[in-house]
Each structure stands twice: as structure tokens, then as C-alpha cells.
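Trainee: Dropping the sequence and predicted coords here.
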Amino acid sequence: MLNQSTQILINEIVIPVVGAGVITILALVRNEIKAFLNAHKAFIEKQEVVLQASIGIEQYNKDKQIVKDAVYAAEQLGKEFDWRGELKHSKVLEMIEGKTGLSDEEIYNVIKSTILEVNGLEDFNIGTKQVAGVQSTNK
């Protein structure tokens, strides 16, 4: 066992010195982390802005795909039921109602570009006599 003087030495000198050393080290680490974050604050903020923008771009692309899918569906139904352009357009608007965050103008532009894409593919298929050895059935 330890004698009384050794016990007093440990309790009153060693433990407080070790405690003070640990607290000092933690304070230094905290200061270094704080200095690092302050030095790179602008960069971190720019990364957050880029992340928010990329999330916005992803959402825009998802919304755009919803509109395109609705246009493709309306075009297919339009062929089956002999719908005209205005009816197909209204059906697209019904299908996407409340599903996107796009403005009316953005929706209109996506619909028009998708219709041009669909019509361009149809024109290509009509003009092609044979694709991969199979006769075209488009008229």
C-alpha cells in the first residue's frame, strides 16, 4: 500500500497537473479546429450553395421527366383514340397536375420540345424503309 505522503502527492499534485494538461490539449485542439473552419468558411459556404443548386437541378430534371412521360403517354393515347393536339395537351396537363414544381412556361416549353422530339422520331421512322432487317410498318 501507499503511504500517506505518497497518497497526498498523487491527490494534490499529480491529478491536478494531469487534469490541467488534458484541458490545455483539448483547448488547443478546439482552437485549431475553429481556426481551420474560419479559414475555410467561404469555401464551405460555396460548397453548400453548389449542393443546394445541384439538388435543385436534380428536382428540375425529375419534374421535366414527369412532363415528358406524360407527353409520351398522351401521344400514344392520341394515336389510339385519334385525339387532336389540343386534347392531347389538356390530357398532359391533367396527368402532371400537382406533380411538378415547374412554372407554366417551363411546362409549355418541355411539352413543345418533347412533341418535336416525338414527331422527329416519327418522321425518321416514316422515311426509313428498313431498320435492322425488319420492314417498317409505319404509314
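Mentor: That came in fine, so what should we check first?
Trainee: Any buried residues in the host helix or strand of H89, and which?
Mentor: If you go by DSSP states H and E, H89 is part of helix 85-96. Judged by neighbour count using 16 or more other Cβ atoms under 10 Å, the buried positions of helix 85-96 are K88, H89, K91, V92, L93, M95, I96. C-beta: built from backbone N, CA, C; applies to glycine.
Trainee: Tell me the one of those nearest E105?
Mentor: L93 (13.4 Å; Cβ to Cβ).
Trainee: Please name the nearest non-neighbouring residue to that closest one.
Mentor: Distances taken as Cβ to Cβ, 6 or more residues apart in numbering put I107 closest to L93, at 7.6 Å, once the chain neighbours are dropped.
Trainee: and this structure, what are its domains?
Mentor: 1-38, 47-124 (automatic domain parsing).
Trainee: which stretches of the chain form helices?
Mentor: 4-9, 15-39, 41-81, 85-96, 104-127 (DSSP state H).
Trainee: State the mean pLDDT of the longest one.
Mentor: For helix 41-81, the mean per-residue pLDDT is 87.
Trainee: Also stretch 106-120?
Mentor: The model assigns stretch 106-120 a mean pLDDT of 85.
Trainee: repeat for stretch 23-35
Mentor: So the average pLDDT for stretch 23-35 ends up being 92.
Trainee: Distance from the chain centre to that stretch, please.
Mentor: 36 Å (Cα atoms, centre = their mean, to the nearest Å).
Trainee: Kindly report the same for stretch 50-62.
Mentor: For stretch 50-62, the distance to the chain centre is 4 Å (Cα atoms, centre = their mean).
Trainee: cool, and stretch 42-61?
Mentor: 9 Å.
Trainee: change the start of the numbering to 52 and stick with it
Mentor: I'll keep to 52 as the first residue from here, and by that count the last item is stretch 93-112.
Trainee: rewinding a little: out of the buried residues of helix 136-147, who's nearest T75?
Mentor: Distances from T75 to the buried residues of helix 136-147, taken by Cβ to Cβ, are shortest for I147, at 62.5 Å.
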